[in-house]
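1. Okay, sequence plus prediction incoming.
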Amino acid sequence: MFWKIVLAVVLVWVALAVVGTLIKGLFWVLVIGAVGFGIYFLVKAMSGNDENSPASRL
């Protein structure tokens, strides 16, 4: 029973280490993507009166 608990703790620790590394590595990619997405919709909303544009239907 002791080894099952130790194995569970080690597996949780490894899983958290992997997830933490992925989040840390992809954080700036997510930030840059969100900023780019926001700028795209801002430009789309400010340009013209195109009735078919998704930004004009908001």
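-> Thanks, I have it. Numbering: from 1, shown residues only.

2. what's around residue 1, how many residues?
-> 5 (other Cβ atoms under 10 Å). C-beta here means a position set from N, CA and C on the backbone, and glycine is covered the same way.

3. Against residue 13, how distant is it?
-> Using Cβ to Cβ, to the nearest Å, one obtains 19 Å as the distance from residue 1 to residue 13.

4. This structure: helices as residue ranges?
-> Secondary structure of the chain by DSSP state H: the helices cover 2-46.

5. got any ranges where it has weak pLDDT?
-> Low-confidence segments of the chain (pLDDT under 70): 48-58.

6. Nearest to the spatial middle of it, which residue is it?
-> Note on the chain: the residue nearest the mean C-alpha position is residue 30, at 4.8 Å, using Cα atoms, centre = their mean.

7. What's the local residue count around residue 13?
-> Counted with other Cβ under 10 Å, residues neighbouring residue 13 total 10.

8. Please read the previous query as pertaining to residue 41.
-> Per other Cβ under 10 Å, the neighbour tally for residue 41 reads 13.

9. With residue 12 instead?
-> Applying other Cβ under 10 Å, we find 10 residues neighbouring residue 12.

10. Next: residue 17.
-> Around residue 17 there are 10 other residues, counting by other Cβ under 10 Å.

11. State the distance from it to residue 44.
-> Here residue 17 is placed at a distance of 41 Å from residue 44 (Cβ to Cβ).

12. same question, residue 16
-> Distance of residue 16 to residue 44, given as Cβ to Cβ: 40 Å.

13. Please say which of the two ends up with more neighbours.
-> Counting neighbours by other Cβ under 10 Å for residue 16 and for residue 44 shows that residue 44 has the greater number, 14 against 10.

14. Next, work out how far apart that one and residue 9 are.
-> Per Cβ to Cβ, residue 44 is found 50 Å from residue 9.

15. what do you get for residue 24?
-> From residue 24 over to residue 9 the distance is 22 Å, taken as Cβ to Cβ.

16. That concludes my questions; thank you for your assistance.
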